[in-house]
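>>> I'll drop the sequence and a predicted model, then ask my questions.
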Amino acid sequence: MVTRSEAPGQGPSITIIMGCGRLGASIAHSLMQLGHRVYIMDTEASNFDRLRLEPVQSGIISPIIGDGTVYADLHKTPIRDAQVFIAVAGRDTQNALAAQIAKHIFEVPTVICRMNDPDRQSMFQELGLQAISGIMPLTDLVVEAARN
């Protein structure tokens, strides 16, 4: 069993994000504003160019080259102390695998993964993951705009 060195509510929440695309970088900056200490992983160092320089230099956001589906790469992060794990890489299967590793192996309390495919979203929700898809809300917004 994984133990946490910090009780929830003491010090900043530790959040790990897999994927530093536009969405991952945006989430990192937003959570930083809420007081989270963010570690963001990506397999491509150039993707970290999306991060603002000041929070990286001050250590509030820490970029880490790695893959959230690889056990050794997760150990480059404080995964054992994380309160939140968010998988927003480009592929649904990669996000689901990383989310399951964070939830079931490292027992991270809050695990969220992005699903592009709404059918997969339902399947992974049934497995106990917080799977979020932007497809239906975006579809609804476009259809509503087209009605006007």
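In hand now; what should we look at?

>>> show me where the chain has helices.
22-33, 53-57, 71-74, 92-100, 118-126, 135-147 (DSSP state H).

>>> which residues touch residue 133?
114, 115, 116, 117, 118, 121 (C-beta atoms under 8 Å, 6 or more residues apart in numbering). Placement of C-beta: from N, CA and C, glycine included.

>>> Quick check, pLDDT for the closest residue to the second one other than its chain neighbours.
Of all residues beyond its chain neighbours, the one nearest residue 115 is residue 121 (4.0 Å), with distances taken as C-beta to C-beta, 6 or more residues apart in numbering. For residue 121, the model assigns a pLDDT of 73.

>>> And for residue 17?
Note for residue 17: predicted pLDDT of 97.

>>> Does it touch residue 39 like I think?
Yes. Taking C-beta atoms under 8 Å as the definition, residue 17 is a contact partner of residue 39 at 7.3 Å.

>>> Give me the more crowded residue out of these two.
residue 17 (28 against 22; other C-beta atoms under 10 Å).

>>> contacting residues for the more buried one?
Per C-beta under 8 Å, 6+ apart, neighbours of residue 17: 24, 27, 28, 38, 39, 40, 41, 85, 86, 87, 88.

>>> of all those residues, which comes closest to residue 95?
residue 87 (3.9 Å; C-beta to C-beta).

>>> quick one: contacts for residue 90?
If you count contacts by C-beta under 8 Å, 6+ apart, residue 90 has them with 19, 21.

>>> Next one: it from residue 19, what distance?
According to C-beta to C-beta, to the nearest Å, residue 90 stands 7 Å off from residue 19.

>>> low-confidence ranges in the protein?
Applying pLDDT under 70 to the chain flags the ranges 1-11.

>>> For the residue nearest to the spatial centre of the chain, list each beta-bridge partner.
Nearest to the mean C-alpha position of the chain, by C-alpha atoms, centre = their mean, lies residue 86 at 1.9 Å. Applying DSSP bridges to residue 86 gives these bridge partners: residue 17, residue 112.

>>> Surely it and residue 108 touch.
No. Between residue 86 and residue 108 there is no contact under C-beta under 8 Å: 9.8 Å.
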